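Asker: structure of the sequence below:
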Amino acid sequence: MKKPTIAFLIALAVTTLPAGALRAQDLGIEVGKRAPSAIVRTLDGKAVDLGSYVGKTPIFMEFWAVWCPNCRELEPSLLSLQKKYGSKVRFLSVAVSVNETIDRVKTFTAKKKYPHQTVYDAKGEATEAYDVPATSYVVIVDRAGKVVYTGLGGKQNLEPGILKALR
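Answerer: Purely as a prediction, here's the structure:
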């Protein structure tokens, strides 16, 4: 059986589940698992392995897209947490390639002037490695490289996950 695409899973999540049905830890990479490697691209086109960040400092990753309404809803929380914990946690936005181009992501992030690094998942390697069910998916990884939180949607209680990663 062919693995469903992220576009299919996004459509499924948006159209068949009642609001609030998805909670943290329900979908995606298993909490407790080591954060995997995956090749993504910087916005200037250079290859970078997400695994090179693992095991050095806690990581806050959001898998997002320019067109994602839940991502826009989550943005103020992400930016507030980055302001509060940015010196202790690496914040990283992973732009998915579903209905997206690197040029569109570059233009969008330049306009927004995000203080965190944004990378582009051109081949879907990170999306697959982290078993991303949809956009607005957050993965928080502790200093040792272990996934301590996953969540989906525009309304997530993210600070407890960050605090757990900092322990």
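Asker: list the buried residues for stretch 152-161?
Answerer: Across stretch 152-161, burial judged by 16 or more other CB atoms under 10 Å covers 152-153, 156, 158, 161. Glycine gets a C-beta too; all of them are placed from N, C-alpha and C.
Asker: for the residue nearest to the spatial centre of the chain, give the beta-bridge partners.
Answerer: Nearest residue to the geometric centre of the chain (CA atoms, centre = their mean): residue 62, 2.0 Å. The residues listed as beta-bridge partners of residue 62 by DSSP bridges are residue 93, residue 138.
Asker: give the other helices and strands that the helix or strand containing residue 84 contacts.
Answerer: Assessed by DSSP states H and E, residue 84 sits inside helix 69-85. Packing partners of helix 69-85 (3 or more CB pairs under 8 Å, 6 or more residues apart in numbering; DSSP states H and E): strand 59-64, strand 90-96, helix 159-166.
Asker: need these in a markdown table (columns: mean pLDDT and distance to residue 126).
Answerer: Formatted as a markdown table, the helices and strands packed on helix 69-85 follow (pLDDT from 0 to 100; distance: least, CB to CB, whole Å):
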| stretch | mean pLDDT | distance to residue 126 |
| --- | --- | --- |
| strand 59-64 | 98 | 7 |
| strand 90-96 | 97 | 5 |
| helix 159-166 | 97 | 19 |
